[in-house]
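J.: below is the structure, and that's it, no one-letter string:
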């Protein structure tokens, strides 16, 4: 039994009315028997809200982030049929691939134009599987993988399906979503409809589009206390030994919401926009809504979350828990959820197709501790006065910004244990000699061991990529062997390699060596280090002082892993602008890996960088004899 076979009865019910009725039976049409074989009742709340959104002159854009099998194809078919017979115009339906487009044209919308009498009566002229003419407009079914699909056409009604699967850049012409929307710009009363099941976190297009809308969710009344609420996975409970016990917990009365309650609850549900907005000079959290779910201003009583054209961008999220279907009953969801917890691949499928949200197994596996957790575990030690006795050397890292250098000192112990020593800035133009002299002076700071001996910074990793690349290499050139010029690289071709050092080159003009780092892999390692909660091997200590304040830890945890598969990448969290401490940690992990054989051979009595009172020179070692150009990083067989 499939939603893809649309009944004539359902279409006629829609076409014969101005507004959707209170209850619309959806029947499965059988070509063989010419009669309905059974009836399916997707929740009235789904149909009514989406069709009212299509009718509303205020709502310009509809975004549906959904789980699988909630009737989006029926929504497209019904909407197209209503438009052809009541408000005709040029219609475009966009599928992901040519195969998808041809399949949809024949098995979905094609049935409407073949068997729905009111629609058939409007046809004239061209009538192929993917292109149809009717009085007042035409229909085209195209595919997003071809840039030519969006050329030489003017569209009033745009329907885009499975947008999460669209390419980022089609035929080097740009985002197909934007290409499609551009074709509607000449229409004052246009409708733009985007729908899809979400995919990888961080790169999911439907999630990106949904977050740009007013973000509507279906609120249903508790059967016990009538408090209206969303059905959330976090409030879902079940016993692994008895999936029939599956239920939601009411957020107000803690009552059990079971499968038998769901039909009446969802039937009485209402959509509510949840995004905060500003109207009449007041910043507001939605408290009142109209029948479509649009948030109303507390002062003027009109829909307040409008875009720059005074229109509404309506976003709807729906998932399987709301469906009245035996295969998505709560015990079934519980069984699939329990299996998914044991397999990351199944969890990806479950979160995307059942819960209707973006998900990344990598993001969960390497999710950084909250900045408050790291801030709360600071320790009472004073590294600028006396270094911990386990220290084998001190390394420094430098990040170059347009108006400053940011530096970080790190004390390194055996087995990869690290103590944060100091963090600060040298303000000024990085190309200015006085600014550079201040940086060298700070990097030359002498630190005190517990034995009373003095220790200098053994090596420095300096990011020269970005601002004044060549000038920074020229600055590093005289200090080669002490300051190591680096640049980050995170392309799809290289980020999955195990090596930390990707390339070694010498700039022909600056006469300075530099190395390209595999920052994706090193950031993975940095996340593992920060999540390590057991002092000792690979643990990172932070001192309790004013330098390492709450803002430092916010910047230290400023990035998160987004996406999955080949699209996975580290990127700044929403609203986070600075991440220098995070980058400086990444650099020191590379520097530690680069010098790890020497650090492991050092001892408390003979640390690296120990200052000889008779000779206080930096970098007296011979790099040429100590290292080879294409340094092979370790495979971390002892990492744990």
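T.: In hand now; what should we look at? Every value quoted in this text rests on a predicted model; they were computed, and no experiment measured them. Numbering: from 1, shown residues only.

J.: please enumerate the strands of the stretch 51-200 of the chain.
T.: Assigned strands in the stretch 51-200 of the chain, in chain order: 59-66, 91-95, 123-127, 131-134, 137-143, 157-161, 191-196 (criterion: DSSP state E, counting those that start in this stretch).

J.: what does the stretch 351-500 of the chain give?
T.: So, for the stretch 351-500 of the chain - with DSSP E, counting those that start in this stretch - the strands run 391-401, 404-413, 418-427, 447-448, 454-455, 459-463, 483-489.

J.: can I get these in TSV including mean neighbour count, mean pLDDT and distance to residue 130?
T.: In this view, the C-beta of every residue, glycine as well, is placed from N, C-alpha and C. Formatted as TSV, these follow (neighbours: other Cβ atoms under 10 Å; pLDDT from 0 to 100; distance: least, Cβ to Cβ, whole Å):
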stretch	mean neighbour count	mean pLDDT	distance to residue 130
strand 391-401	24	95	53
strand 404-413	23	96	56
strand 418-427	19	96	60
strand 447-448	18	94	72
strand 454-455	18	93	73
strand 459-463	24	96	52
strand 483-489	22	93	43
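
J.: what's the closest of these to residue 267?
T.: strand 483-489 (54.4 Å; Cβ to Cβ).

J.: sorry, back to before: hey, least reliable of the strands of the stretch 51-200 of the chain by pLDDT?
T.: Least confidently modelled of the strands of the stretch 51-200 of the chain is strand 123-127, at a mean of 91 by mean pLDDT.

J.: redo the strands of the stretch 51-200 of the chain as TSV? Include mean neighbour count.
T.: Formatted as TSV, these follow (neighbours: other Cβ atoms under 10 Å):
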stretch	mean neighbour count
strand 59-66	25
strand 91-95	24
strand 123-127	12
strand 131-134	19
strand 137-143	21
strand 157-161	25
strand 191-196	24
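
J.: need these in CSV (columns: distance to residue 309).
T.: Shown next, in CSV, are the strands of the stretch 51-200 of the chain (distance: least, Cβ to Cβ, whole Å):
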stretch, distance to residue 309
strand 59-66, 7
strand 91-95, 21
strand 123-127, 33
strand 131-134, 28
strand 137-143, 23
strand 157-161, 16
strand 191-196, 12
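
J.: those: which one's closest to residue 321?
T.: strand 59-66 (12.1 Å).

J.: who's in contact with that closest one?
T.: 50, 53-54, 72, 75, 190-198, 206-207, 209-210, 212-213, 292, 294, 307, 309, 311-319, 356-357 (Cβ atoms under 8 Å, 6 or more residues apart in numbering).

J.: now, of these, which are buried?
T.: Buried members of these, scored by 16 or more other Cβ atoms under 10 Å, are 50, 53-54, 72, 75, 190-198, 206-207, 209-210, 213, 292, 294, 311-319, 356-357.

J.: pick out the residue nearest the middle of the protein.
T.: residue 202 (1.9 Å; Cα atoms, centre = their mean).

J.: my guess is it contacts residue 563, does it?
T.: Yes - taking contacts as Cβ atoms under 8 Å, residue 202 lies within contact range of residue 563: 4.2 Å.

J.: lowest-confidence helix or strand of the chain?
T.: Every helix and strand of the chain was ranked by mean pLDDT, DSSP states H and E. The lowest is strand 26-27, at a mean of 28.

J.: format the strands of the stretch 351-500 of the chain as a markdown table; extra columns: distance to residue 174.
T.: Below are those laid out as a markdown table (distance: least, Cβ to Cβ, whole Å):
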| stretch | distance to residue 174 |
| --- | --- |
| strand 391-401 | 31 |
| strand 404-413 | 36 |
| strand 418-427 | 39 |
| strand 447-448 | 53 |
| strand 454-455 | 55 |
| strand 459-463 | 31 |
| strand 483-489 | 25 |
